[in-house]
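Participant: What would the 3D arrangement of this be:
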Amino acid sequence: MNGQIASDDRDVISDDPCLKCRCSGGKMICSKQACPVLQCPQSRQHHPPGECCPRCKGTRALMGIKNTCTLQTAFFREGATYNIDRCTNCTCRNDTSICTRASCPILDCAPELQKSVPGSCCKKCIMPEEVRSQCFYKGTLYEASNKTSLSLHKSVVTRKRFNTKKNVLHGPPHISYG
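Facilitator: Numbers count the residues shown, from 1 in each chain. Predicted coordinates:
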């Protein structure tokens, strides 16, 4: 990882401070830390360099409103459930916000292939669409840039699919690429 050669039962340093990896039994085993929900508003949060999780700057005055939770700049009644973001669900219990945050899996793809998915907390590996330069049709392999006659059907090979239209043709049928 990152050009490091790890021996068994050794920790491996990652570029991501939230990622903890260890070489064990010849395999890399990694876990990702989930950060706690901060009680301060976004404007008072800072992310110290080299640390996994952000922290609150300064101090805050404590206001005691019975049967109410304060989270960042919002107030919630006892028993209320609320979302801070797509990954964090909270419930107000005994004047305290009890929050759970999803811990996303470690993705086994390059960062540029890791994409947010609508309605999902965690990113997923989205592979680019495969472009094929050949096509099988009725047991025959057709390579890109070949033109071939196919009975009395007009056939078209595109990069994504093979379409056959049953038409009587006035000339030799061919495969074209789109």
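
Participant: ok, and the closest non-adjacent residue to Gln45?
Facilitator: Spatially, and ignoring its direct neighbours in sequence, Gln45 is nearest to Pro54 (4.6 Å; C-beta to C-beta, 6 or more residues apart in numbering). Yep, even glycine has a C-beta here, placed from its N, CA and C like the rest.

Participant: how much space between the one you found and Glu78?
Facilitator: 28 Å (C-beta to C-beta, to the nearest Å).

Participant: So if I had to pick from these two, which one is more boxed in?
Facilitator: More crowded of Pro54 and Glu78, by other C-beta atoms under 10 Å: Pro54, with 16 against 13.

Participant: number of nearby residues for Gln42?
Facilitator: Neighbour number of Gln42 under other C-beta under 10 Å is 9.

Participant: Any idea which helix or strand in the protein has the lowest mean pLDDT?
Facilitator: Least confident helix or strand, the chain: strand 162-165 with a mean of 42, by mean pLDDT, DSSP states H and E.

Participant: Quick check: which element contains the residue lying closest to Cys125 once chain neighbours are set aside?
Facilitator: Nearest non-adjacent residue to Cys125, counting by C-beta to C-beta, 6+ apart: Cys109, 3.7 Å away. Following DSSP states H and E, one finds Cys109 outside all helices and strands.

Participant: In the protein, where is pLDDT below threshold?
Facilitator: Low-confidence segments of the chain, defined by pLDDT under 70: 1-8, 59-64, 130-136, 143-178.
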